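*Asks:* sequence? don't have it. structure:
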RNA sequence: GUGGAUGUAGCUCAGGGGUAGAGCUCCGGACUGUGGCUCCGGCUGUCGCGGGUUCGAAUCCCGUCAUCCACCCCA
C-alpha cells in the first residue's frame, strides 16, 4: 500500500503547519489593517459556475467531480473543486449584493485545486491568499491593493521583490496599433510574455510561426520590449497620443496608479512591464504580478475584472483584486531560511519528568499547576514502571530531541523539601527552586 | 498534453552480471538522579512493480507506476 499523499497533494507535519500559520497570520494582519473582511466559501462549486471563466487552458485544469448515483456510470460531472478564489467571490457578490456594503473589501485564505502537473512551487492543492475590493472603478483601489501586498512582503522580510504592472486596454491598443489581427491578440500576447525565457529571437521565431508579418512582429517587439523608459511619465504621455481610445484610457489609469503608489509602500517596488499579459481571461484593466529573482513563476498576481460579476447577475459591478501564492512564498522563505525563531517554536516550554513509578498523579498535578499559570507543559507520557528502562536518560533524550527548552524533575530530594529541579536544556544549567517560585523563574529567568 | 532525470535500510546515498554496503537515525551497553561529546555492540531490505535475456539480474532489455525538474500554463 502506497502511504504517500495523492499526486500534487501534501501532508503538513507540525513544523510545516507552524510555518504556514506564521505566514498566514502576517498576511491576515496586514489585510485587516486595510479594512478587508474575512470570507470563506465552499471547496466545491457547481461546475457551470467555474466553466468559461478562466479561458481554454484554465477550463481544462478544473478538477471535476462525477455525478453521484447513475451519473457516475456515464462519467458526467456536475460539481468541481474551486479553481481560484476570485470566481467564487464574484458568485457571492452576485448572490448577496443587497446584504454586502456598497464597497465590499474582503480577504480570503483557502485552498484551491488545479489538475496541473506538479513542479517546483506548483501543486495540485495549494493555498491562495486573496484580497479584492468590489464596487469601485477608482484607481485608489489598485493603490491600496498593491500597498497591502507590498506590506505583506516587507513584513515577511523580503526586500528585493518587484511589483510588475501593465494594463489590458493598453495591451489591446498596442496590438491593434501594430497591426495584429484581432484573432491573434491572444497568441501574440502569450508569445510576448515569454520574452524573458526564450529571448527576443525566440519571440521573433514564434511570432512568424503564428503567421505574423515580419514588420508587424518588429513593431510589436519595439513596443512591448526593452527596459522601461527613464522618464516613464513622458513616455506614457507620448504613447497615449499615438494609441486608440482604449490605449489612452489604459495609460491614464497606469499613470494614476504610479502617482498614487508613490505615497505607499508599493511605490519603491512598482515597475511597468509592457509585455505582462497574464493568462486568465476575465481581466479588463490594470494587471499585476509579484516577482522575486529566484523563482521562475510569480509569488502573486491579479488585476481588475469589471465584467466578471456581471456574468452571474447581469449587472456589471467593478472589481479588482490580487492573489498571493502561499506555497511559493513558503518555498522561497524556506530556501532563504527566512523564518524567525518564533515561527518554528518548540511544542512546549517545559517537560515534566516522571521520576518515580506509580506517582503519575503527582506529576499530573504538577503539570496542571503550571498550565493553569499559563505555561505550555508537556508531561512525559510513561512512568518508569511502564517499561522498566532507566529513569532519566530516555526522558531527557526525548525532551532534547523535541527541542523543549526546560525539563522539570521532582525526585527524592525535591519531594522531601518541596522544590523542583529545573534544567535548561540549551546551557545544561540546573537549579533547585521552591515549587511555588517555578513559574516566576521560568518567566523571568 | 510534451521532454529529461531519479527510484537500493526509517533518512541521505554508494554499488552497473556471481545472492546487499556506508553515514546518520533507532535500540542496548560503557555511565543505577540527567540529554548533547566519545567509545563498544546490535536491529532493519520482496534493490519501485511486472515481464524478458542469462546457469545466474539490484546490475542488461522491454513495459509500467511513482517522485522530482523543465515546457505549456499558472499562485
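*Replies:* Received, thanks. Computed from a predicted model, the values in this text were never measured in an experiment. Residues are numbered from 1 along each chain as shown, chains lettered A, B, ... in the order given.

*Asks:* quick check, residue A:323 in a strand?
*Replies:* Yes: using DSSP: H, G, I helix; E, B strand; the rest coil, the assignment for residue A:323 is a strand.

*Asks:* Pull the contacting residues for it.
*Replies:* Under the criterion of C-beta atoms under 8 Å, 6 or more residues apart in numbering, the neighbours of residue A:323 are A:84-86, A:128-130, A:300-302. C-beta: built from backbone N, CA, C; applies to glycine.

*Asks:* tell me the pLDDT at it?
*Replies:* Turning to residue A:323, the model gives it a pLDDT of 96.

*Asks:* And whichever residue of the stretch 251-400 of chain A sits closest to RNA strand B, its phi and psi?
*Replies:* In the stretch 251-400 of chain A, the residue found nearest to RNA strand B is residue A:279; the distance is 0.6 Å by C-beta to the nearest atom of the strand. Main-chain torsions, residue A:279, degrees, to the nearest 10: phi -80, psi -30.

*Asks:* How about the one 5 residues further on?
*Replies:* The phi and psi torsions at residue A:284 (degrees, to the nearest 10) take the values phi -130, psi -10.

*Asks:* Residue A:168 is in contact with that one, correct?
*Replies:* Yes: using C-beta atoms under 8 Å, residue A:284 makes contact with residue A:168 at a distance of 5.8 Å.

*Asks:* Now the common contact residues for the two.
*Replies:* A:303-304.

*Asks:* tally of neighbours for the residue of the stretch 251-400 of chain A closest to RNA strand B?
*Replies:* 15 (other C-beta atoms under 10 Å).

*Asks:* Next one, pLDDT for residue A:195 please.
*Replies:* 68.

*Asks:* Same check on the one 10 residues further on?
*Replies:* With respect to pLDDT, residue A:205 scores 77.

*Asks:* repeat for residue A:413
*Replies:* We have a pLDDT of 88 for residue A:413.

*Asks:* element containing it, please.
*Replies:* Per DSSP states H and E, residue A:413 falls inside helix A:412-417.

*Asks:* which other residues reach the helix or strand just after that helix?
*Replies:* Under the assignment DSSP H and E, the closest C-terminal helix or strand after helix A:412-417 is strand A:419-424. Under the contact criterion C-beta under 8 Å, 6+ apart, strand A:419-424 has outside partners A:350, A:366, A:396, A:405-411, A:413-414, A:429-435, A:438, A:441-442.

*Asks:* how close does residue A:308 get to residue A:232?
*Replies:* Between residue A:308 and residue A:232 the distance is 29 Å, computed by C-beta to C-beta, to the nearest Å.

*Asks:* phi, psi of the residue nearest to residue A:304 when sequence neighbours are not counted?
*Replies:* Excluding the flanking residues, the one nearest residue A:304 by C-beta to C-beta, 6 or more residues apart in numbering is residue A:285, at 3.2 Å. Note on residue A:285: backbone dihedrals following degrees, to the nearest 10 are phi -130, psi -130.

*Asks:* Now for residue A:285: which residues touch it?
*Replies:* A:167-169, A:250, A:253, A:303-306, A:320.

*Asks:* Out of these, list just those in helices.
*Replies:* A:168-169, A:250, A:253 (DSSP state H).

*Asks:* Spell out which parts of the stretch 51-200 of chain A neighbour RNA strand B.
*Replies:* A:55, A:57-58, A:61, A:84, A:114, A:116-123, A:126, A:128, A:190, A:193-194, A:197-198 (C-beta under 7 Å from any atom of the strand).

*Asks:* let's go with 10 Å and repeat that
*Replies:* Neighbours of RNA strand B within the stretch 51-200 of chain A, by C-beta under 10 Å from any atom of the strand: A:54-58, A:60-61, A:83-86, A:112-130, A:186-187, A:189-191, A:193-194, A:196-198.

*Asks:* For the ones in helices among the contacts of residue A:285, pick the one with the most neighbours.
*Replies:* Most neighbours among these, by other C-beta under 10 Å: residue A:250, with 26 neighbours.

*Asks:* is stretch A:308-320 anywhere near RNA strand B?
*Replies:* No: Stretch A:308-320 is not in contact with RNA strand B by C-beta under 10 Å from any atom of the strand; minimum separation 13.0 Å.

*Asks:* Looking at that stretch now, give me its mean pLDDT.
*Replies:* On average, stretch A:308-320 scores 95.

*Asks:* now whichever strand or helix holds residue A:238: how far from the chain's centre is it?
*Replies:* Here residue A:238 sits within helix A:232-242, counting by DSSP H and E. Counting by C-alpha atoms, centre = their mean, to the nearest Å, helix A:232-242 is centred 35 Å from the centre of its parent chain.

*Asks:* how far does stretch A:73-87 stretch from start to finish?
*Replies:* 29 Å (C-alpha to C-alpha, to the nearest Å).

*Asks:* Report the mean confidence score over it.
*Replies:* Mean predicted confidence for stretch A:73-87 is 90.

*Asks:* Kindly report the same for stretch A:171-187.
*Replies:* Here the average pLDDT along stretch A:171-187 is 83.

*Asks:* Kindly report the same for stretch A:327-340.
*Replies:* The pLDDT scores in stretch A:327-340 average 89.

*Asks:* Where does the prediction get shaky in chain A?
*Replies:* Regions of chain A meeting the criterion pLDDT under 70 cover residues A:1, A:70-72, A:195-199, A:225-228, A:385-390, A:445.

*Asks:* domains for it, by residue range?
*Replies:* A:14-341, A:346-444 (automatic domain parsing).

*Asks:* Just name the most buried of those domains.
*Replies:* Highest mean neighbour count among the domains of chain A (mean count of other C-beta atoms under 10 Å): domain A:14-341, with a mean of 18.

*Asks:* Which other helices and strands does the helix holding residue A:238 contact?
*Replies:* The helices and strands touching helix A:232-242, judged by 3 or more C-beta pairs under 8 Å, 6 or more residues apart in numbering; DSSP states H and E, are helix A:245-261.

*Asks:* what's downstream of the helix it packs on, the next helix or strand?
*Replies:* strand A:270-272.

*Asks:* And RNA strand B, is that next one touching that?
*Replies:* No: under the criterion of C-beta under 10 Å from any atom of the strand, RNA strand B is not reached by strand A:270-272; the shortest gap measures 15.9 Å.

*Asks:* what does that strand contact?
*Replies:* Against strand A:270-272 from outside (C-beta under 8 Å, 6+ apart): A:146, A:162-166, A:228, A:232, A:254, A:257-258, A:261.
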